[in-house]
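In: the following comprises the amino acid sequence and a computationally predicted model.
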Amino acid sequence: MSNDPSDRRSDRNGDEGPVFSAEQARQGEIILRTRTRRIIFIAGLVGIVILIAVIRFAVR
């Protein structure tokens, strides 16, 4: 990462936060450490699938 001021980003208050390159930003992973978080995540995925199925059925 360079120290070139033109590469830096800041918010409207002038506070500088961490700066990530596009390569670093794409390296995300989903961390579901507790059973409750896993259940909520999976329920959300199932809910999306059900919603799509209901919408497709209603349109026909």
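Out: Okay, I see it.
In: quick one: the helix or strand hosting Ile52 to chain centroid distance?
Out: Using DSSP states H and E, Ile52 falls within helix 35-59. Remark: helix 35-59 is offset 17 Å from the chain centroid, using C-alpha atoms, centre = their mean, to the nearest Å.
In: got the buried residues for it?
Out: Residues of helix 35-59 include none that count as buried (16 or more other C-beta atoms under 10 Å). Every C-beta, even on glycine, is put in place using the N, C-alpha and C of the backbone.
In: that helix packs against which elements?
Out: Using 3 or more C-beta pairs under 8 Å, 6 or more residues apart in numbering; DSSP states H and E as the contact test, no helix or strand touches helix 35-59.
In: other residues contacting it?
Out: By C-beta atoms under 8 Å, 6 or more residues apart in numbering, the residues outside helix 35-59 that reach it are 30, 32.
In: what is the rounded mean pLDDT of it?
Out: For helix 35-59, mean pLDDT is 96.
In: just stretch 19-30 next, same as before
Out: Average pLDDT, stretch 19-30: 77.
In: endpoint to endpoint, it covers what distance?
Out: End-to-end distance for stretch 19-30: 21 Å, by C-alpha to C-alpha, to the nearest Å.
In: how far does that stretch sit from the chain's center?
Out: 10 Å.
In: cool, stretch 45-60 as well?
Out: 23 Å.
In: before we move on, what about stretch 31-46?
Out: Worked out by C-alpha atoms, centre = their mean, stretch 31-46 lies 15 Å from the chain centre.
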